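Novice: sequence first, then the predicted structure:
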Amino acid sequence: MNARLTRLAERRERLIAQAAAQRTTLGQNYESFRKPLMLADKGVSTVRYLKSHPFWIGVIVFAFTVLRPGRLTEKLRRGWFIWQIVLRLFGR
């Protein structure tokens, strides 16, 4: 019985070491995919949000059809600037 417990303990140690090595390898491989995966995740989140709020799809289509692209770009730039100021003021 004692020999069996010794073998099990040795096997457990080998498996723990193997799992640690695999975690290290996975972590190193993950770093190269981190930014593309974050971008894809944001894209999926955006699509889900637009699916659940179809009003915003209409607003976007309206903005592109009614406003000229130059005006739209300028308004978006100003809106983004104001949004960043509001976020900084409220500490987010």
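Specialist: Arrived safely. Numbers count the residues shown, from 1 in each chain.
Novice: so where's the protein shaky on pLDDT?
Specialist: By pLDDT under 70, the low-scoring segments of the chain are 1, 67-69, 72, 92.
Novice: quick one, helices of it?
Specialist: For the chain, the helices defined by DSSP state H occupy 2-52, 54-66, 69-89.
Novice: and those as a markdown table, adding mean neighbour count?
Specialist: C-beta here means a position set from N, CA and C on the backbone, and glycine is covered the same way. Listed next are the helices of the chain as a markdown table, based on neighbours: other Cβ atoms under 10 Å:
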| stretch | mean neighbour count |
| --- | --- |
| helix 2-52 | 10 |
| helix 54-66 | 10 |
| helix 69-89 | 10 |
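Novice: what sits against Arg78?
Specialist: By Cβ atoms under 8 Å, 6 or more residues apart in numbering, no residues touch Arg78.
Novice: next one: it from Gln84, what distance?
Specialist: 11 Å (Cβ to Cβ, to the nearest Å).
Novice: now do stretch 47-54: everything it contacts.
Specialist: So stretch 47-54 is in contact with 56-57, going by Cβ under 8 Å, 6+ apart.
Novice: CA atoms only: put it into PDB for me.
Specialist: These are the backbone C-alpha positions of stretch 47-54, laid out as PDB (Å, rounded to 0.1, in the frame of the first residue of the first chain):
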ATOM      1  CA  VAL A  47     -22.900  44.200 -32.500                       C
ATOM      2  CA  ARG A  48     -24.800  42.800 -29.600                       C
ATOM      3  CA  TYR A  49     -25.600  46.300 -28.300                       C
ATOM      4  CA  LEU A  50     -26.800  47.500 -31.700                       C
ATOM      5  CA  LYS A  51     -29.000  44.300 -32.000                       C
ATOM      6  CA  SER A  52     -30.600  45.100 -28.700                       C
ATOM      7  CA  HIS A  53     -31.000  48.900 -29.500                       C
ATOM      8  CA  PRO A  54     -32.100  49.100 -33.200                       C
END
